[in-house]
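Enquirer: Pasting a predicted model and its sequence here:
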Amino acid sequence: MSLGLWVLAGALVAGVLLSMLKAWYDGRFRGKAQVDTVSAADLGAELGERATLLQFSSAFCAPCRATRRTLAEVEGMVDGVRHIELDAEAHLELVRRLDILRTPTTLVLDSTGAVVKRASGAPRKPDVIAALAIAIDHQPS
């Protein structure tokens, strides 16, 4: 086999592995080492009684629409949970403070506004529900 074919095969394998890694990582909820807090004044809206699903979106973001539907469904399923969607471009100070690097990004806040979990990309409904359970059970210190 020629060197060119080996290089091509290596590039294909690397591409497949990277796309699999991105698919696995995209939309996963992760904890946050440093606790950020978001207030109702930051959002221009009241926080949820038990938890808040805070979504950062942008105008031409197709995954943002899917995320909006998913979070709205979960909001309807769980009492005391509020879904708030913010345009990232209109809230640049908050985007910088919370280190939002892409849209959609979803932050799961507890009842006090502390960020408990975050996901970059479109999250799956079971992952949102699991993250909400952690936020609802979270006891602020």
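Expert: Received, thanks. Just so it is clear, the model here is predicted, and its values are computed rather than measured.

Enquirer: can you give me the helices for the protein?
Expert: 3-25, 40-43, 62-77, 92-97, 125-137 (DSSP state H).

Enquirer: Stretch 92-109: which residues count as buried?
Expert: Buried residues in stretch 92-109, defined by neighbour count with 16 or more other CB atoms under 10 Å: 94, 95, 98, 100, 103, 104, 105, 106, 107, 108, 109. The C-beta positions use only the backbone N, C-alpha and C, and glycine is treated the same way.

Enquirer: What residues does the second one make contact with?
Expert: Going by CB atoms under 8 Å, 6 or more residues apart in numbering, residue 95 touches 56, 88.

Enquirer: From residue 124, how far out is it?
Expert: 24 Å (CB to CB, to the nearest Å).

Enquirer: ok, now the last one?
Expert: From residue 109 over to residue 124 the distance is 19 Å, taken as CB to CB.

Enquirer: low-scoring stretches of the chain, by residue?
Expert: 23-35, 139-141 (pLDDT under 70).

Enquirer: rerun at 50
Expert: 33 (pLDDT under 50).

Enquirer: who touches stretch 65-73?
Expert: 53, 55, 57, 83, 85, 104, 106, 122, 123, 124, 125, 128.

Enquirer: Give me the number of neighbouring residues for the third one.
Expert: Which is residue 57. Residue 57 sits with 20 neighbouring residues when counted by other CB atoms under 10 Å.

Enquirer: Quick check: nearest residue in space to it, chain neighbours excluded?
Expert: residue 64 (3.8 Å; CB to CB, 6 or more residues apart in numbering).

Enquirer: if I look at the one you found, how far off is residue 70?
Expert: Applying CB to CB to residue 64 and residue 70 gives a distance of 11 Å.

Enquirer: do residue 17 as well
Expert: Counting by CB to CB, the gap from residue 17 to residue 70 is 28 Å.

Enquirer: Those two: which is more packed in?
Expert: With other CB under 10 Å as the criterion, residue 17 and residue 70 differ in neighbour count, and residue 70 comes out ahead with 22 against 10.

Enquirer: Setting aside sequence neighbours, what's the nearest residue to residue 80?
Expert: Going by CB to CB, 6+ apart, residue 80 has residue 50 as its nearest residue, at 3.3 Å.
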